[in-house]
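Asker: Test case, fold it:
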Amino acid sequence: QSQEKSVTVDCAVCYILSWSPLGQLLAAGGDGCKIMICDDHGVYKYSLSASSEMVHHSITCLKWNRNGTHIAAGTSKGKVVVWNAGSQSCVGTWVVSSGQNTSAIKDLAWKDDFLFAACSQNGSLVLVDASVEGSKRILCDVPDNCAEEADTRYGTNALYWLQDGRLLTATNDSTLDIWD
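Answerer: Prediction:
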C-alpha cells in the first residue's frame, strides 16, 4: 500500500487519533493539550486548545461522544477536558486524579451525549455529566476507597458502556467488573 496523503499535526508529538462517529472528522492529540481536527480527506479544519495552564499536559486518551457533538481528551496529569466540536469551545475540565497520586487518564467512555466515565492510572474512576458544570461522581478514589462491587486496587485499564446502561471496567488483575 502506498501513502495517499500526509497531514502535519500541530503538536510536537502525536500520541492518539480518534475518528468521529460518522467517520467525517479525525482528531489528533499530542503535547500541550492541543487537538487538531481534519476531515476525512486529511484537510485541516481547526484546532482545539485547553487553557494555558495545561500547556504541559499531553493527551493520553481521546474520544468523541456518540453523536459527534463533543470530544473529550484525557491528559497525562489526571484531567479530562471536553469541547463542543461545533462551536469549538471548551465545555469544561474535570479532575479525575489529583494530589500526590496524580496520574494519567488511561481511558474514558461516553455513555450518551453528555455522560462519560474516566479512569486514571492510579485507580481513580469517575462519572461526569458534561452538561452540568462541576458534575462528578467518584466511583473509586485512591488508594482503597472503592465501592464494594469492584476491587480496582490494581487499576482500571479500560471502560465500556453496555447496551443496558451499565459500565464495564477491566482491571490489571484481569477482572471485569460491572457497575450499576
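Asker: use CA for all of it now, contacts and neighbours both
Answerer: Will do.
Asker: what residues does stretch 15-30 touch?
Answerer: Stretch 15-30 is contacted by residues 9, 11-14, 31, 35-40, 58-68 when judged by CA atoms under 8 Å, 6 or more residues apart in numbering.
Asker: cutoff 7 Å now
Answerer: 11, 13-14, 35-40, 58-64, 66-68 (CA atoms under 7 Å, 6 or more residues apart in numbering).
Asker: Okay, now stretch 120-131: how far is its last residue from its first?
Answerer: 22 Å (CA to CA, to the nearest Å).
Asker: and it, what's its mean pLDDT?
Answerer: Confidence for stretch 120-131, expressed as mean pLDDT, is 89.
Asker: just stretch 63-79 next, same as before
Answerer: On average, stretch 63-79 scores 93.
Asker: Only C-alpha atoms, please: export it in PDB.
Answerer: Listed next in PDB are the C-alpha coordinates belonging to stretch 63-79 (Å, rounded to 0.1, in the frame of the first residue of the first chain):
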ATOM      1  CA  LYS A  63     -13.000  10.100  22.400                       C
ATOM      2  CA  TRP A  64     -16.000  11.600  20.600                       C
ATOM      3  CA  ASN A  65     -19.400  11.300  22.200                       C
ATOM      4  CA  ARG A  66     -21.900   9.100  20.400                       C
ATOM      5  CA  ASN A  67     -23.300  11.800  18.000                       C
ATOM      6  CA  GLY A  68     -20.000  13.600  17.400                       C
ATOM      7  CA  THR A  69     -21.100  16.900  19.000                       C
ATOM      8  CA  HIS A  70     -18.400  16.700  21.800                       C
ATOM      9  CA  ILE A  71     -14.900  15.400  22.100                       C
ATOM     10  CA  ALA A  72     -13.100  14.600  25.400                       C
ATOM     11  CA  ALA A  73      -9.400  14.400  26.000                       C
ATOM     12  CA  GLY A  74      -7.800  12.700  29.000                       C
ATOM     13  CA  THR A  75      -4.400  14.100  30.000                       C
ATOM     14  CA  SER A  76      -1.100  13.000  31.400                       C
ATOM     15  CA  LYS A  77      -1.800  15.000  34.600                       C
ATOM     16  CA  GLY A  78      -5.200  13.300  35.500                       C
ATOM     17  CA  LYS A  79      -7.700  15.700  33.900                       C
END
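Asker: Now tell me which helix or strand of the protein has the poorest mean pLDDT.
Answerer: Every helix and strand of the chain was ranked by mean pLDDT, DSSP states H and E. The lowest is strand 137-140, at a mean of 82.
Asker: which residues of the protein score low on pLDDT?
Answerer: Filtered on pLDDT under 70, the chain yields the residue ranges 1-13, 52-55, 98-101, 141-154.
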